[in-house]
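K.L.:
With the input below, show me the fold.
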Amino acid sequence: MSGNVTYVVRGAVMRCSQGTTPICINLPASHGSYAKGKPIMIKTDRMVGANIGSFGVCKCTMTPCSPAILSDWMIVKEDTLINGIPALLKTSMLICAKGGIITFETDGQI
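P.N.:
Numbers count the residues shown, from 1 in each chain. Now for the predicted structure:
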């Protein structure tokens, strides 16, 4: 894949538009597909605690960030399925119920 349209792997840096700190996405167990030796993330890798941590302080609530994810990742690679689920792209995004939009700064492949 080229340009900004690349697969997201464990360790990619993400940021919430309402958080103060960028963090890395985690994947406790690989789904079995890899890019540059790192496990590729999928549409349902959105669990707070397991995949996503705190983005510091939430600018919406002015309290420590505790993401409230509304649904699966959006803007995914629908024609690349891992265990029947679309792969994440660097352009993928999540919505937090507290007002933030979570996006990737890196794909984690470097």
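K.L.:
And the strands in this protein, which stretches?
P.N.:
For the chain, applying DSSP state E gives strands covering 13-16, 23-24, 34-35, 38-39, 57-58, 63-64, 74-82, 85-95, 101-104.
K.L.:
how deep is Gly84 tucked in, by neighbour count?
P.N.:
As a burial measure, Gly84 scores 6 neighbours (other CB atoms under 10 Å). Heads up, the C-betas are built off the backbone N, CA and C, glycines and all.
K.L.:
One more: Gly37?
P.N.:
Look at Gly37: counted by other CB under 10 Å, it has 7 neighbours.
K.L.:
so how far is Tyr7 from the spatially most central residue of the chain?
P.N.:
Residue closest to the average C-alpha location in the chain (CA atoms, centre = their mean): Ile25, at 5.6 Å. For Ile25, the distance to Tyr7 equals 12 Å [CB to CB, to the nearest Å].
K.L.:
Leaving out sequence neighbours, find the closest residue to Thr106.
P.N.:
Val13 (4.5 Å; CB to CB, 6 or more residues apart in numbering).
K.L.:
quick one: pLDDT of the one you found?
P.N.:
Per-residue confidence (pLDDT) for Val13: 98.
K.L.:
tell me the contacts of Asp45?
P.N.:
Residues near Asp45 by CB atoms under 8 Å, 6 or more residues apart in numbering: Ile25, Leu27, Asn51, Trp73, Leu88.
K.L.:
can you count the residues close to the residue lying closest to Ser92 once chain neighbours are set aside?
P.N.:
With sequence-adjacent residues excluded and distances taken as CB to CB, 6+ apart, Ser92 is closest to Trp73, at 4.6 Å. Per other CB under 10 Å, the neighbour tally for Trp73 reads 24.
K.L.:
residues contacting Trp73?
P.N.:
Trp73 makes contact with Lys43, Thr44, Asp45, Arg46, Leu88, Ser92, Met93, Leu94, according to CB under 8 Å, 6+ apart.
K.L.:
Report the buried members of those residues.
P.N.:
Among those, those classed as buried by 16 or more other CB atoms under 10 Å are Lys43, Asp45, Arg46, Leu88, Ser92, Met93, Leu94.
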